[in-house]
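Asker: This is a predicted model, with the sequence first.
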Amino acid sequence: TIFPDSAAAAKALAQEVKLLIETKNKAGKPAVLGMATGSTPVPFYRELIRLHKEAGLSFKNVITFNLDEYYGLSSDHPESYSKFMAEQLFDHIDIPKENINLPSGTVPGDQVFNHCRQYEEKIEAAGGVDLQILGIGRTGHIGFNEPGSSRDSLTRRITLDRVTRQDAASDFRGEQNVPHFAITMGVGTILRARKLVLMAWGENKASMVAKAIEGPMTEAISASFLQDHPDARFFIDHGASREL
Ligand code: GLP
């Protein structure tokens, strides 16, 4: 869907999430949301906060799983995704702390494998993700699934691509400060969500959006695997649609 701007797309998606939460709650079940970071979902989170404050939308019965976390950053590091989510969303809504899940950035090296397996198990135990929110990186990644990530990959530690580290450099005041590794849900983990929405704004996303939607499914662009999902949608603005 091509929206006039990111605000319109964020509004539409937030309404959809409101309906999902209300429907699941009526059925006595928690809504399970897959969350993303980066600048792209910020207008959407702002809209969710607005619905909480102005329309009484409660997140008491919502469980969240974030896609990824930088490996080596503690949860209170200013650039950690844990901190980002607290500032952009969780601190402003009524979600119980114990319902919030992100991969750990500080799990010791010899426990990473188990930690990742437990993250997968936790998602399963919650009943699977109802709706996964996604952005797209300049390498075509979803989460931190850099080129070479297989269709069936699961939550794991990954080495960040040079391009991804360059893009994060300004946030970290220099590329040398950007972590080299992250823990990310795999492509296979992401594709297990019942619904997926990838958001992208602006012309600098246009080439990757076109490759993901119209190009071949390839490990070189992990977002292209969304073609293999029965309910995956792209919410984009005019800029991001330029090369379709
Ligand atoms: C990071 C995140 C991705 C995100 C991407 C794009 O790599 N791990 O989930 O999609 O950045 O960031 P932005 O939305 O700021 O363009």
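Answerer: Yep, it's here.

Asker: residues making contact with whichever strand or helix holds residue 164?
Answerer: Taking DSSP states H and E as the definition, residue 164 sits inside helix 162-168. Contacts to helix 162-168, defined as CB atoms under 8 Å, 6 or more residues apart in numbering, come from residues 79, 137, 138, 139, 141, 144, 146, 175, 178, 180. Using the backbone N, CA and C atoms, a C-beta is placed for each residue, glycine as well.

Asker: Quickly name whichever of these is closest to the ligand.
Answerer: residue 137 (4.0 Å; CB to the nearest ligand atom).

Asker: tell me, how many neighbours does the residue nearest to the closest one when sequence neighbours are not counted end up with?
Answerer: Closest residue in space to residue 137, ignoring its immediate chain neighbours: residue 164 at 5.7 Å, by CB to CB, 6 or more residues apart in numbering. The local packing of residue 164 (other CB atoms under 10 Å) involves 19 other residues.

Asker: before we move on, what about the one 10 residues further on?
Answerer: The burial count assigned to residue 174 is 9, neighbours taken as other CB under 10 Å.

Asker: That one and the ligand: what is the separation?
Answerer: According to CB to the nearest ligand atom, to the nearest Å, residue 174 and the ligand sit 17 Å apart.

Asker: Next up, the contacts around the nearest residue to residue 55 once chain neighbours are set aside.
Answerer: The shortest distance from residue 55 to any non-neighbouring residue, by CB to CB, 6+ apart, is to residue 18 (7.3 Å). With contact set as CB under 8 Å, 6+ apart, residue 18 has these partners: 51, 55, 57.

Asker: In three-state terms, how would residue 182 be classified?
Answerer: Using DSSP: H, G, I helix; E, B strand; the rest coil, the structure places residue 182 in strand.

Asker: And for residue 33?
Answerer: strand.

Asker: Would you mind measuring from it to residue 64?
Answerer: Distance, residue 33 to residue 64, by CB to CB, to the nearest Å: 5 Å.

Asker: Please state the offset of the helix ranked longest in the chain from the chain centre?
Answerer: Assignment by DSSP state H gives helix 6-26 as the longest helix of the chain. Helix 6-26 has its average C-alpha position 16 Å from the chain's average C-alpha position, going by CA atoms, centre = their mean, to the nearest Å.

Asker: do stretch 98-106 as well
Answerer: That offset, for stretch 98-106, works out to 13 Å (CA atoms, centre = their mean).

Asker: And residue 69, its phi and psi?
Answerer: When read as degrees, to the nearest 10, the backbone of residue 69 gives phi -150, psi 140.

Asker: so it touches residue 107, yeah?
Answerer: No: between residue 69 and residue 107 there is no contact under CB atoms under 8 Å: 9.7 Å.

Asker: who has more neighbours, the two?
Answerer: residue 69 (25 against 18).
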